[in-house]
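In: Next one to model:
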Amino acid sequence: MRVLFIDNLDSFTFNVVHCLVVAGAEVEVLRNEGEDWLELAEKMAGCDAWAVGPGPGRPQDYPHLMRAITQWMGKKPLLGICLGQQAIAQACGWQIDHASYPMHGKPSVIDHNSQGLFEGLPQALQVGRYHSLVVTSPSDISPVNIALNIDARCNQEIMAVSNPAMGVWAVQFHPESVLTPEGQAMINRWVKLADAFNRKKV
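Out: Numbering: from 1, shown residues only. Sure, this is the predicted structure:
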């Protein structure tokens, strides 16, 4: 599987890329330089799935990234990590707010629905968190409200969302972190889910 990875200039970028390669993906990295990617349509045409990685700031700091998600979401399987989840959720009309506590390099235990990325994984799952913002409920005044399943929480804060019908899966935590022991299993699972999504579209 060919995966286009959007590098939001985060120090964890190539840890995520390594996990994708271990999962069997062939990865092309596209750096986020703060402007529209003129070659994005060509690169999207050449990939089977894409992923939006972690990075600093808020989704609205990256209007070009938000445009890309709005344009391509639902057309190719998509994985969002940290900032990636926030950007996907915001594109779907959900809100972004401050977490109860900043969690930078902190382990947490999440509860999940045993579906999607979490199928076959135990409950009370430890994950590594590196964020101070979280996804919250959809805005009633948003012109776009796309349904997202809430797949995992930690103390009521949303830790994972998905829309399998659109080929979208996202997590707030970092699966590539050593603080997420089952992170590689989640990445492996996403590659399989992405492949299954593409097969259904054929």
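In: can you pull the pLDDT of Ser137?
Out: The model reports Ser137 with a pLDDT of 81.
In: how many neighbours does it have?
Out: Applying other Cβ atoms under 10 Å, we find 12 residues neighbouring Ser137. The C-beta positions use only the backbone N, C-alpha and C, and glycine is treated the same way.
In: wait, doesn't it sit right on Gln95?
Out: Yes - look at Ser137 against Gln95 with Cβ atoms under 8 Å: they come within range, at 6.6 Å.
In: In contact with the residue nearest to the spatial centre of the chain, which residues?
Out: What sits nearest the mean C-alpha location of the chain, by Cα atoms, centre = their mean, is Gly80, with 1.1 Å. Residues in contact with Gly80 (Cβ atoms under 8 Å, 6 or more residues apart in numbering) are 51-52, 86-88, 168-171.
In: List just the nearest of those to Ala99.
Out: Of all those, Gln86 has the smallest distance to Ala99: 11.1 Å, by Cβ to Cβ.
In: tell me the contacts of the closest one?
Out: By Cβ under 8 Å, 6+ apart, the neighbours of Gln86 are 58-59, 80, 96, 133-135, 172.
In: Equivalent analysis for Gly74, please.
Out: Residues near Gly74 by Cβ under 8 Å, 6+ apart: 166-168.
In: Restricted to strands, list the contacts of Gly80.
Out: Of these, the ones assigned to strands by DSSP state E are 51-52, 168-171.
In: hang on, the earlier thing: which of the contacts of Gln86 fall within strands?
Out: Members of the contacts of Gln86 lying in strands (criterion: DSSP E): 80, 96, 133-135.
In: Any chance you could list what contacts the lengthiest helix in the chain?
Out: If you go by DSSP state H, the chain has its longest helix at helix 183-201. Under the criterion Cβ under 8 Å, 6+ apart, residues 1, 3, 16, 19-20, 22-25, 48-49, 77, 79, 116-121, 127-128, 164, 167, 169, 171, 174-177, 180 lie in contact with helix 183-201.
In: Which ChimeraX command selects the buried ones in those residues?
Out: Buried members of these, defined by 16 or more other Cβ atoms under 10 Å, are picked up in ChimeraX with:
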select :1,3,16,19,20,23,25,48,49,77,79,116,117,118,127,128,167,169,171,174,175,176,177,180
